[in-house]
Structure formats: structure tokens, C-alpha cells
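**Student:** Give me coordinates for this.
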Amino acid sequence: MATDSSTAPSHVKLEDSNWAWMFRGITLAALLAGSANAMSFFFRSQGWGSLLGSSEPGDEAIGFPLTIWEEQNGYGSHALKMVPFLIDISVALLLGVVIGLLAVSQKQTLNQIMNRFRGKANGQQIQLQFSLRGLLITTVLAALAAAAARSFTPRIEVLAAIYALGPIALVALAFIPRRISWQQRVAILAPSAVILVVVAIVLGHSLGVEIDKVMMGIFICWTPQSAVAAIVITMLLIVKEYRALTRGASERT
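**Tutor:** Next up, the predicted model:
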């Protein structure tokens, strides 16, 4: 991941279509559904000790509004319930259509806000780009972090802290630098997340936690936090731009 400071094209006002806003509504619903399913683990399971290496039998399950996956009695029995899975997808899709229709009904205002975002992005003349150099740097940093994790005595508390506080730590890291664009903050956030996941996997392996359990722990703990952070930040930006838009309109009148 890298930033490109080349000259950006001139700002052109665009009108996103009804389908574009409908797709965004469905995407938001998918994010909410994923978060709800992740959080359901804490309500449908007897505990989350297996995510930290516990080998004692226990029931674990995921699914909202219906249970779609469960591991029973610690025997490694995994079952995806297809009918509840399809129902949960249908509920998420229905929610997405409702959100999409609400967005379509406010399309004119939302398009004006989006054009303000585009104008600011073009004014900053910064674009996110994938680069081999960025990938190489991320890989090297991940390898160094993994080596460092192996050199320390593995502790359950550290793995639990990565599960519970990982997203907060990453966002804080991205917002420590002052006066940089959000694109640059994303360029900091993305490789940092990869590095932290690698550290969690290495730490879990040292503690005897299977990689699928580590990834499940990251999913159920990181997804709701990331979704809430993304939605809150987006809504704050939209409200800020909407106020500026209405203030500019009132001044012109």
C-alpha cells in the first residue's frame, strides 16, 4: 500500500445512480449482519476459552437471528445449518433493500455530499495505490513482528488483548500522526492490521491454539468494533458535510 502524490484530475460533479445507492445500502446491511453474527458468539456459546487455548468441552455457536454454525461438546463437530443460513442472508438482504431505498429517497442530498468528498480528495491530490514495494515492506515488517513474538514468553493475556483491543490500538496508531489525510491513515492502518494478525497467529501457535480458532477470535472481536468505528466515522463525516452544505445554501439565499 502506498500513496501517490501525482496530479489529480480536476473535480467533476457526478450523480450516483439509484443502483449505486442501493448497492451501498446492501453493503451496509452486510456489514451490520456480519457484526451481529460475530457478536452472537458471546450469547450462544458457553464461553470463549477455546479461542485462548482451552481444551475443555463446551458448546460454541454463531448466528443471528438464527444459529447457522455450532461446535458441540468439544468433539470438533462442525455443522453449517443451511436453512437458517439462507434465512439469515434473506434478513440481511431485506435490511439492505430498506436502507438502500432510504438512501435512494435522499439521493440528491447524498450526491451533493459525495461530490464534496470527491472535491476534497482531489484537492489533497492523494490516491491509494497498491505497490510491490508496499507489499514487500509489509511482509518484512510482519516477519520481524512474528520473530519478535516468538522470542517472548507467550501469554494468554496478550492474545486476549489482541482480540479485545486490536482495532482500538490500530485506529489509535493511525490517528497519532497529525495533519495527514485519511488516505494516508488508511495506508498506515492496513499493513498494521496485517502485522497484528500475524502476531496473533504466531502467539496462538505458541500457546497451542489452532489457527482457525485464532482467526475466529479475530473475526468475532474485530468485526463489530471495526463496523461500529467505520459507521460512526462515516456518519460524523456525512453530518459535518451536510451542515456545511446547508450553511452554504442559506448564505447564498
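**Student:** Same question for the helix or strand hosting Leu203: list its buried residues.
**Tutor:** Element membership for Leu203 (DSSP states H and E) is helix 182-206. Neighbour counts over helix 182-206 (16 or more other Cβ atoms under 10 Å) mark 182-185, 187-206 as buried. No exception for glycine: its C-beta is placed from N, CA and C like everyone else's.
**Student:** Helix 182-206 and whatever helix or strand comes next after that helix, what's the angle between them?
**Tutor:** Using DSSP H and E, the helix or strand that follows helix 182-206 towards the C-terminus is helix 211-252. Put simply, helix 211-252 runs at 160 degrees to helix 182-206, going by axes from the mean of the first three to the mean of the last three Cα atoms, to 10 degrees.
**Student:** And for Gln46, the neighbour number?
**Tutor:** Gln46 has 12 neighbours, counted by other Cβ atoms under 10 Å.
**Student:** That one belongs to a helix, doesn't it?
**Tutor:** No. Read with DSSP: H, G, I helix; E, B strand; the rest coil, Gln46 is coil and lies in no helix.
**Student:** Gln112 reaches Thr246, doesn't it?
**Tutor:** No. Gln112 is beyond contact range of Thr246, at 10.0 Å (criterion: Cβ atoms under 8 Å).
**Student:** Compare those two and say which is more crowded by neighbours.
**Tutor:** Gln112 (16 against 11).
**Student:** got the contact list for the closest residue to that one other than its chain neighbours?
**Tutor:** Leaving aside its chain neighbours, Gln112 sits nearest to Leu245 (5.7 Å; criterion: Cβ to Cβ, 6 or more residues apart in numbering). Contact analysis of Leu245 by Cβ atoms under 8 Å, 6 or more residues apart in numbering lists Thr109, Gln112, Ile113, Arg116.
**Student:** Secondary structure and pLDDT added to these, as JSON lines?
**Tutor:** Shown next, in JSON lines, are the contacts of Leu245 (DSSP: H, G, I helix; E, B strand; the rest coil; pLDDT from 0 to 100):
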{"residue": "Thr109", "secondary structure": "helix", "pLDDT": "89"}
{"residue": "Gln112", "secondary structure": "helix", "pLDDT": "87"}
{"residue": "Ile113", "secondary structure": "helix", "pLDDT": "86"}
{"residue": "Arg116", "secondary structure": "helix", "pLDDT": "80"}
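**Student:** I'd guessed Ala227 sits against Leu31; true?
**Tutor:** Yes. If you go by Cβ under 8 Å, Ala227 and Leu31 touch, sitting 5.0 Å apart.
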